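Engineer: What follows is a predicted structure for the sequence shown.
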Amino acid sequence: MEAAGQLARTGYYVTLIEKEANTGGHVKDWYHLFPNSRDSAEVIEYLEKQIEHDNILLITGKTVENFEKTNRTFIVRTDDGKERPADAIIVATGFELFRSERKEEYGYGIYDNVITSADLELMFRKNNLKRVNGEIPEKIGFVHCVGSRDEKVGNLYCSKLCCVTAVKQAMEARKHLYNAKIFCFYMDMRMSGALYEELYRESQEKYRINYIRGKVSEVSENINNKLVVKVEDTLTGRPLKMELDMLVLMAGMEMSNSGLKLAHATGLLTGENRFFAPADHHFGSNRSNIEGVFYAGTCTAPLNVTETISHARAAVSDVVDYLRNGIK
Amino acid sequence: MKTEGKKRIWSDYQKEIADDHFFYVRSCIRQSFFPGSEQFFLHFMREVLGKDVFENPSHTTCTGIGYHSDIVPLSTIMTVVARHFALMKEAGYKNIAISCVTSFGIYTEIIETWKHFPEELEKTREYLYKATGREFDVPENMAHTSDIIYKLRNEIAEKAKYRLVNHETGDPLNVVEHIGCHYSKMFPRYGVGGAEFPNVLGGMIEAWGGNVVDYPERRHCCGFGFRQYLVQANRGYSLSNTVKKFSSMKPFKPDLVLTNCPGCTMFMDKWQYTMKEMDGTVYGENGESIPVLTYEELAGLVMGYNPWNLGLQYHMVQSEPLLKKLGINYDPEDKFRTIDGRQMPVPENLINA
């Protein structure tokens, strides 16, 4: 959306194809955004304004099946059988959240009060942070790195945003539940973005969040319908078993299925992490292996909202260079 | 708890289980401690279902316990297993049915090793040929015998005389299922239902009318764990594992524990005797301990076999409370008689008797 708006304002005609019924991707499902608790609706509002332009044709509910290049013109085919010409393409197929049920030992989809970070955002938005039976949770745990840095599920990479999301969500949970005990189970706290470390510190000092360095090994349910969580506390060097009312799985980011299908159909290269592989890690993170095809956002790697918008703007710069100056 | 979530996992871990023509390999522990189990399996398969199940008396231990105790080297156990496969090849069989979970784990581990390190397979071929002149093929289909009973669970339910229901109250019995670690925890795709929510025993329990108990220490070790028992100084650790497991299941009031591993059956059965002797603790209701049965014994019971022919009296925890709940009539006088009527010695201090 950001790239479409910028290109339109530069004078180009843009066809924006969205596979969902509405634009906004994952951001519209989120409640508040780190690091400043901005309502995600504000970001959506900003992006929607970007694409309010006569040069933009928005097509929703359609998926790009493939594209073909003849000389310097592309034919883009959608799943309704239509073909649309284009001089350049920006792929912005985004990411999908790791399906947490794949980490079978956590029991997502089996135990009622094991939820994902996305489920929790929905609860925040509805102001309904409760257990399935309607009780107010008194002890909540957050599991970091669910589907990230995990050889067992085939994802060696770090999803980068889950740590700070857990910090933000734990603080948000504290705002809803003043007396609850809140724990984060982490491998490392990767607070590499602007203001992340400050947020982490604040969460401990002002929001009384307990951080336990260790990976959860298994989750089960006892006779009282409480979750029983086993984890190793690697700082004290002891195994730990605790009862929790709710467990939140910080689902990582994966290449989207539609992105993978597009890669397969068109010959766009993907990397070891299955995201689209940029033509050059340092100088061409927006360029693909096909001349005239560019990338924007999380189809190339886990990125936060700020980075995604910056990456989209950079894609526009590359597209303009390509169309005006023929720079590959 | 959502059953749909478990069903989704089970659908990911379905394995091909052969229908017929099995090369059967026994378990050292089971044929010694629970001999009625293997006897029932062979009788049921051969006489009731008319299946072809072949045994070769030259089959030996897989040496798995020695391997897991660091006594038998990997190359040796691979050659022993290769010899089993050679016996199978010589008899013209391609489907192996394995009675023991330790052996099942050994076979899967070795076959996986050969897949990833083909040079080890070639070395094993050479060792076996030099030692015995035999050649072997890797089985086309490998099933644990609990897989086979799982596959036949609905057929057994159709033939059942009793259901896993308290015949006085009509309530389903609460059954704890416990798979051996080496059944699927090393290689989840070799087990029905995988490792985290296995369905091989749960599927039998549900098909036969019982209620599967999911309790916090469901995945915990039975207490055997090879070295924690085999090294005498570690036996307190072995027992403490079993205590942890039984303490966790106790609030769910289990009527029965069902296992598919020889070591698990033995330890969950015999350590209950020890726990009762040490401090008087029992984990069942009404001051009773919880019977621990193999899947063949349970299949035999629901099909109306005589409990003493199934060998239930050879367990440390006796099954009379379970038999009463199921409404199974039995003759206590026959309990320690041989089939031809001779009286055997009667053990003292039997639990639950």
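Structural biologist: Alright, I've got the coordinates.

Engineer: what's the burial count for the nearest residue to residue B:189 once chain neighbours are set aside?
Structural biologist: By the measure of CB to CB, 6 or more residues apart in numbering or on different chains, the closest residue to residue B:189 outside its immediate chain neighbours is residue B:13, 6.1 Å from it. Heads up, the C-betas are built off the backbone N, CA and C, glycines and all. A total of 21 residues lie near residue B:13 under the criterion other CB atoms under 10 Å in any protein chain shown.

Engineer: is it true that residue B:13 touches residue B:188?
Structural biologist: Yes. Residue B:13 lies in contact with residue B:188 (CB atoms under 8 Å); the separation is 6.3 Å.

Engineer: Quickly list what's touching both of those two.
Structural biologist: When CB atoms under 8 Å, 6 or more residues apart in numbering or on different chains defines a contact, the residues bordering residue B:13 and residue B:188 alike are residue B:194.

Engineer: I'd like the distance between the most centrally placed residue in chain B and residue B:207.
Structural biologist: Averaging the C-alpha coordinates of chain B gives a centre point, and the residue nearest to it by CA atoms, centre = their mean is residue B:260 (2.3 Å). In this structure, residue B:260 lies at 15 Å from residue B:207, with CB to CB, to the nearest Å as the measure.

Engineer: How about residue B:159?
Structural biologist: Relative to residue B:207, residue B:159 is positioned 12 Å away (criterion: CB to CB).

Engineer: go on, residue B:28?
Structural biologist: In this structure, residue B:28 and residue B:207 are separated by 29 Å, where distance is defined by CB to CB.

Engineer: One more: residue A:74?
Structural biologist: Relative to residue B:207, residue A:74 is positioned 57 Å away (criterion: CB to CB).

Engineer: One more: residue A:106?
Structural biologist: With distances defined as CB to CB, the gap from residue A:106 to residue B:207 amounts to 28 Å.

Engineer: out of these two, which sits in the busier spot?
Structural biologist: For residue A:106 versus residue B:207, neighbours defined as other CB under 10 Å are more numerous around residue A:106 (24 against 20).

Engineer: What residues does the stretch 151-300 of chain A have near chain B?
Structural biologist: Taking CB under 8 Å from any CB of the partner chain as the contact definition, the stretch 151-300 of chain A meets chain B at A:218, A:220-223, A:228.

Engineer: Pull the most distant pair out of those.
Structural biologist: Farthest-apart pair in these is A:218 and A:223; separation 17.3 Å (CB to CB).

Engineer: Those two: which has the busier surroundings?
Structural biologist: Regarding residue A:218 and residue A:223, a neighbour count based on other CB under 10 Å identifies residue A:218 as having more, with 19 against 14.

Engineer: For that one, identify the helix or strand it belongs to.
Structural biologist: Here residue A:218 is covered by strand A:216-221, with elements defined by DSSP states H and E.

Engineer: CA atoms only: put the helix-or-strand element of chain B with minimal mean pLDDT into CSV for me.
Structural biologist: For chain B, scoring each helix and strand by mean pLDDT, DSSP states H and E identifies helix B:227-230 as the least confident one, at a mean of 85. Extracted C-alpha coordinates of helix B:227-230, given in CSV (Å, rounded to 0.1, in the frame of the first residue of the first chain):
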residue,chain,number,x,y,z
ARG,B,227,20.3,-47.1,33.3
GLN,B,228,18.2,-45.6,36.1
TYR,B,229,17.2,-49.1,37.0
LEU,B,230,20.0,-51.3,35.8
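
Engineer: what's the next helix-or-strand element following it in contact with?
Structural biologist: Next in sequence after helix B:227-230, counting helices and strands by DSSP H and E, comes helix B:235-249. The contact list for helix B:235-249 (CB under 8 Å, 6+ apart) reads A:222, B:176, B:213, B:215-218, B:220-225, B:228-229, B:257, B:267-268, B:271-272, B:274-275, B:281, B:283, B:290.

Engineer: how about 7 Å then?
Structural biologist: Helix B:235-249 is touched from outside by B:176, B:213, B:215-217, B:220-225, B:228-229, B:267-268, B:271, B:274-275, B:283, with contacts defined as CB atoms under 7 Å, 6 or more residues apart in numbering or on different chains.

Engineer: Looking at these, which are in helices?
Structural biologist: Members of the contacts of helix B:235-249 lying in helices (criterion: DSSP state H): B:228-229, B:267-268, B:271, B:274-275.

Engineer: Dump these to a markdown table, plus distance to residue A:202 and neighbour count.
Structural biologist: Formatted as a markdown table, the entries for the ones in helices among the contacts of helix B:235-249 read as follows, by distance: CB to CB, whole Å; neighbours: other CB atoms under 10 Å in any protein chain shown:
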| residue | distance to residue A:202 | neighbour count |
| --- | --- | --- |
| B:228 | 46 | 17 |
| B:229 | 51 | 20 |
| B:267 | 51 | 25 |
| B:268 | 50 | 27 |
| B:271 | 51 | 27 |
| B:274 | 53 | 18 |
| B:275 | 50 | 19 |
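
Engineer: Among those, find the lowest-pLDDT one for me.
Structural biologist: Within the ones in helices among the contacts of helix B:235-249, pLDDT reaches its minimum at residue B:228, with 84.

Engineer: contacting residues around that one?
Structural biologist: For residue B:228, the set of contacting residues under the criterion of CB under 7 Å, 6+ apart consists of B:234, B:237-238.

Engineer: Report the separation between it and chain A.
Structural biologist: Distance check for residue B:228 against chain A: by CB to the nearest CB, to the nearest Å, it reads 16 Å.
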